[in-house]
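Colleague: let me see the structure of the following:
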Amino acid sequence: MQRILQERVVSSREAEFNRLKQERRERISQIIQSRKQEREARRKMLFFLRTEEERQKRLQEEEEARKREEAERRKKEEAERQAKLDEIAEKQRLRLIELEEKVRREKEEGLRKPAVLPMPAEPPALGRPTELGGAAPVPAAAAATPAAGKYVPRHLRGNVDAAGQAPPPETDRWGGTGSKPDDRPSWRDERKPTSFGSSGSRTSWSSSRR
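Modeller: The predicted structure follows:
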């Protein structure tokens, strides 16, 4: 009876020991599994964080590269635009310099070479016969009046008209007598011009030639 009781006690103790041992194993296994899961979760979290960090870094680098390229492109466009503006300004400056130089040369040429106007035909001296004595003086109106159909510039027409209105030579004072003409200065006689085309002057001149 005592041995049976002892066997029961031993078996119960073994069962309790085995149960505790099993529980201990299960607890250890659970701890190991939980730690393994924690390590796996930590590893996954680190991988995610590392991946996200790399992605953010890559995006940041791409954004910086894009901004850098955009800045370089804008800088290049600005440089090209400024170069074009400088080229246009240089062309305008050279053009202004050429125009100023041209105007200056024209002014210098105008000062260095004054305009030469053609001298109007001078009428023969009034009140004096020709030194040869036989040649008749050319009428002032015929000498001063331009040939028919000849173009006269506008700024010279006044001179031609003034020359055409010069008083005719006074031939009736000495042409008809055949005597020596007066030696007095002709400027005194020029104050009394005779009418051009008078019949008396023509007659006396014709008689002197005969």
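
Colleague: now stretch 15-26: mean pLDDT?
Modeller: Average pLDDT, stretch 15-26: 93.

Colleague: what about dumping the CA coordinates of that stretch to PDB?
Modeller: Taking C-alpha atoms only, stretch 15-26 is exported to PDB below (Å, rounded to 0.1, in the frame of the first residue of the first chain):
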ATOM      1  CA  ALA A  15       4.100  14.800 -14.400                       C
ATOM      2  CA  GLU A  16       4.400  18.100 -12.600                       C
ATOM      3  CA  PHE A  17       8.100  18.300 -13.600                       C
ATOM      4  CA  ASN A  18       7.300  17.400 -17.200                       C
ATOM      5  CA  ARG A  19       4.500  20.000 -17.300                       C
ATOM      6  CA  LEU A  20       6.700  22.700 -15.900                       C
ATOM      7  CA  LYS A  21       9.500  21.600 -18.300                       C
ATOM      8  CA  GLN A  22       7.100  21.800 -21.200                       C
ATOM      9  CA  GLU A  23       5.700  25.100 -20.100                       C
ATOM     10  CA  ARG A  24       9.300  26.400 -19.800                       C
ATOM     11  CA  ARG A  25      10.100  25.200 -23.300                       C
ATOM     12  CA  GLU A  26       7.000  26.700 -24.700                       C
END
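
Colleague: three-state assignment of Glu90?
Modeller: For Glu90, the assignment made with DSSP: H, G, I helix; E, B strand; the rest coil gives helix.

Colleague: count the neighbours of it for me.
Modeller: For Glu90, the count of nearby residues is 10 (other C-beta atoms under 10 Å). For glycine as for every other residue, the C-beta is placed from the backbone atoms N, C-alpha and C.
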